[in-house]
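Participant: Generate a structure from the sequence data that follows.
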Amino acid sequence: MGGSRPGDTGRAVVDGEPDSGLYRIFLAGSEMFEDPTVSNTFRIANSTVRAVSACTVIATYSVEQGRLRRFSGAPDLALDILVTTPGRGDGALQSTNGAWRYALFLTAHAAQHGCLVLQAAAAPSAEEVFLLSALARPTGAALATSELLARERRRTAELRKQGEAQADVNQAMSSTIQHLGARQRVREVFATAVASGGGESAVLEALHALTGRSAVLQDSFGNERARAGPEDRRGPTAVLEPDGASTGSERNGGEWCARAIRSNGQFLGFVGILDADHTVTDDDRFTLELAGTSLAIGMSHRRNLAEIEMRLGRDLAADLVSGADPEGSRIRAEALQYDLGRPQRVVVASSALPSPKGIQIDAALRQALTALRVPALVSRHSDSAMAVVGDDRDWSRLHEQLAIAFGSPNCSIGVGGRGPGTDLPTSFAQARRALRIRTESRDPYGLSNHDDLGLLRILDSTDGGAEVESFVQEWLGILREHDRVHHSDFVHTLGVHLDTGGNYDRTAAALIVHRSTVRYRLGRIEELTGYDLSDPDTRFHLHVATRASAAFRGAAA
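Facilitator: Below is the predicted model of the structure:
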């Protein structure tokens, strides 16, 4: 080393102060950490190698992206391969010119951070090797610090950029959140409208409330289905572009922004909002689109249900009253969204005359049940209509609604008993019996409920009523003949008297006659028939006979 004499240990005295190789290495390390960059670290290391040994640095390597890469020195591919081979440590390198070469790896915290490739005319002394190895430690630590600082500088720069962009991002995010929140509220309003059960009118009212504009719904034929808002303007015409967006059309001085309503590619109609001043916003268009989507759900459901019922519903009702497989019927009913789990009953309707409206009796029955909001499976059964209904209620209004739908009161209804879905054949038989009793009664048009027939439930007229007529004639024949010949009303008087429990006052009030008149008529009945009206058995049979006489056609003279 420079300044040494043969036989000494590399120590020298400069201006009376010790100047050992270790001291130089200490100074070098301190200098490296004053500015721990890769270039500065290698510069100090190079000069220190020359100061403490006869070696020179012919190449340096630093770590980039986790791998050793050449930092300085003449290009030498073979040398690069030897140095950068994974797992390699300190050691001599093969030389082509006979010089001594050595790879001195620079480590810190058990990791490689660089390498110095040393070259000398001959192998250095043990003391020089020791000093070179000592130099590797601060050099490796300085390189590690340089890497850390570089990472921190990069991170700081990234954070600065992120900080600069964050304000814009926050502002944009705030605006987006507000926008999405507003649109989410629109979705919630329509979801509430759909769930309310108000149907298309509820959706139109929501559209009007959200946009502040008149709203209208028309079907695929241009017929108005619902509207909300002022009534002084007509709806849009069905002028649609191929992509489904409407053109808006002039009507009564007003122009409409309309959107097609489609489901599975099927055109169902369109919905529009008034845009007379051409100020519809993107939010209005979004609301209109969502209204169309909400309407499509209900409109598509009703259309599909109608199609399914045409294919399945009629057969299902007929199968149910014939005792079809319960599980298969349940699955088919689910396809129609009809609940067979609740108690059911059968309604049968007929008319001897055709409808003035030209409507079939099954269609009229379906319309009547719909008006009463009664869930039903309607079917045509020979010359009558039949419905399986899942709602127990007062049926007194059904005949009125059927007459409205049919266009004439000349129609009859029989209602069967209520029971589980598996007992519908029994309810069907009861409904037919109630209908038959109604049509064969003195007043054939109206409704007879099996539950209200009382004793008449056991009376059957499958033989044309011969047995019933025989019974009536046996007990009332004399009175019926007297009424026919003398135009009296003894059969009716007797029936009213028995219905009132034999009370003279109530009988007189029901017949609108004096109490003495009732006594006279009942006395004449006893004289003509020979019956004792105070006898319980006689009263019972006469009561049944008068009821049957009133229920079956031809029972009265």
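Participant: Quick one: residues contacting the closest residue to Gln112 other than its chain neighbours.
Facilitator: On the basis of CB to CB, 6 or more residues apart in numbering, the spatially nearest residue to Gln112 that is not a chain neighbour turns out to be Phe105, at 5.4 Å. C-beta: built from backbone N, CA, C; applies to glycine. Phe105 sits next to Arg88, Gly89, Asp90, Gln112, Gly114, Cys115, Ala136, Gly140 when contact means CB atoms under 8 Å, 6 or more residues apart in numbering.
Participant: wait, the first one sits on Gln112?
Facilitator: No. Because the distance of 9.1 Å does not satisfy CB atoms under 8 Å, Arg88 is recorded as not touching Gln112.
Participant: moving C-terminal of the strand or helix carrying Leu290, what's the next helix or strand?
Facilitator: Leu290 belongs to helix 282-308 when assigned by DSSP states H and E. Elements were assigned by DSSP H and E; along the chain past helix 282-308, the next helix or strand is helix 314-321.
Participant: Check which helices and strands the biggest helix by length in the chain sits against.
Facilitator: The helix of greatest length in the chain, counted in residues with DSSP state H as the criterion, is given as helix 126-195. The contact analysis (3 or more CB pairs under 8 Å, 6 or more residues apart in numbering; DSSP states H and E) places helix 126-195 against helix 21-34, helix 38-52, strand 56-64, strand 100-108, strand 111-120, helix 199-211, helix 282-308.
Participant: 7 Å instead, please
Facilitator: In terms of contacts (3 or more CB pairs under 7 Å, 6 or more residues apart in numbering; DSSP states H and E), helix 126-195 is packed against helix 21-34, helix 38-52, strand 100-108, strand 111-120, helix 199-211, helix 282-308.
Participant: any idea how far Ala123 is from the residue nearest to Gln112?
Facilitator: Computed as CB to CB, to the nearest Å, the Phe105 to Ala123 distance reads 18 Å.
Participant: tally of neighbours for Ser384?
Facilitator: For Ser384, the count of nearby residues is 21 (other CB atoms under 10 Å).
Participant: what's the closest non-adjacent residue to it?
Facilitator: Here the residue nearest Ser384, using CB to CB, 6+ apart, is Ser350, at 3.9 Å.
Participant: wait, doesn't that neighbour sit right on Leu435?
Facilitator: Yes. Using CB atoms under 7 Å, Ser350 makes contact with Leu435 at a distance of 6.4 Å.
Participant: How about Glu289, nearest residue that isn't a chain neighbour?
Facilitator: Closest residue to Glu289 in three dimensions, ignoring its sequence neighbours and counting by CB to CB, 6+ apart: Arg259, at 6.0 Å.
Participant: and the one you found, what pLDDT?
Facilitator: Arg259 is assigned a pLDDT of 86 by the prediction.
Participant: what's the offset of the one helix or strand it maps to from the middle of its chain?
Facilitator: Secondary structure from DSSP H and E places Arg259 in strand 254-263. On the basis of CA atoms, centre = their mean, to the nearest Å, strand 254-263 sits 24 Å off its chain's mean C-alpha point.
Participant: Give me the buried stretch members for the helix or strand just after it, please.
Facilitator: Toward the C-terminus, strand 254-263 is succeeded by strand 266-274 as the next helix or strand (DSSP H and E). Burial within strand 266-274, assessed by neighbour count using 16 or more other CB atoms under 10 Å, is assigned to Leu268, Gly269, Phe270, Val271, Gly272, Ile273, Leu274.
Participant: Three-state assignment for Leu541, please.
Facilitator: Careful, residue 541 is His; it's not Leu. For His541, the reduced secondary structure class is helix; criterion used: DSSP: H, G, I helix; E, B strand; the rest coil.
Participant: which residues touch the nearest residue in space to it that is not next to it in sequence?
Facilitator: Ranked by CB to CB, 6+ apart and with sequence neighbours excluded, the top spatial neighbour of His541 is Trp475, at 5.5 Å. With contacts taken as CB atoms under 7 Å, 6 or more residues apart in numbering, Trp475 has the following neighbours: His541, Leu542, Ala545.
Participant: By neighbour count, which of the residues you listed wins?
Facilitator: The most crowded member of the contacts of Trp475 is Ala545, carrying 25 neighbours; neighbours defined as other CB under 10 Å.
Participant: Settle this for me: it is touching Phe471, isn't it.
Facilitator: Yes. Using CB under 7 Å, Ala545 is in contact with Phe471, at 6.4 Å.
Participant: Relative to Phe286, how far out is the residue nearest to Ser47 when sequence neighbours are not counted?
Facilitator: The spatial neighbour of Ser47 that comes closest, neighbours along the chain excluded (CB to CB, 6+ apart), is Ala28 at 7.8 Å. Ala28 sits 71 Å away from Phe286, taking CB to CB as the criterion.
Participant: you'd agree Phe71 is in a helix?
Facilitator: No. Assigned with three-state DSSP, Phe71 falls outside any helix and is strand.
Participant: what about stretch 184-200, average pLDDT?
Facilitator: Taken as a whole, stretch 184-200 has an average pLDDT of 83.
Participant: same deal with stretch 100-116?
Facilitator: Per-residue pLDDT over stretch 100-116 has a mean of 90.
Participant: so how far is the first residue of it from its last?
Facilitator: Using CA to CA, to the nearest Å, the end-to-end distance of stretch 100-116 comes to 14 Å.
Participant: Could you pull up the mean pLDDT of stretch 409-426?
Facilitator: Mean pLDDT, stretch 409-426: 88.
Participant: What separates the first and last residues of it, distance-wise?
Facilitator: The stretch stretch 409-426 measures 28 Å between its terminal residues, going by CA to CA.
Participant: Stretch 392-412: which residues count as buried?
Facilitator: Taking 16+ other CB under 10 Å as the neighbour-count basis, stretch 392-412 is seen to contain the buried residues Trp395, Leu398, His399, Gln401, Leu402, Ala403, Ala405, Phe406, Ser408, Cys411, Ser412.
Participant: re the thing from before, could you check how far the residue nearest to Ser384 is from Gly163?
Facilitator: Relative to Gly163, and taking CB to CB, Ser350 is found at 84 Å.
Participant: And Ser39, by the same measure?
Facilitator: As defined by CB to CB, Ser39 lies at a distance of 30 Å from Gly163.
Participant: give me the element Ala54 is part of.
Facilitator: Taking DSSP H and E as the definition, one finds Ala54 inside no helix or strand.
Participant: Quick check: it touching Gln119?
Facilitator: No. Taking CB under 7 Å as the contact criterion, Ala54 and Gln119 are not neighbours in contact, 10.1 Å apart.
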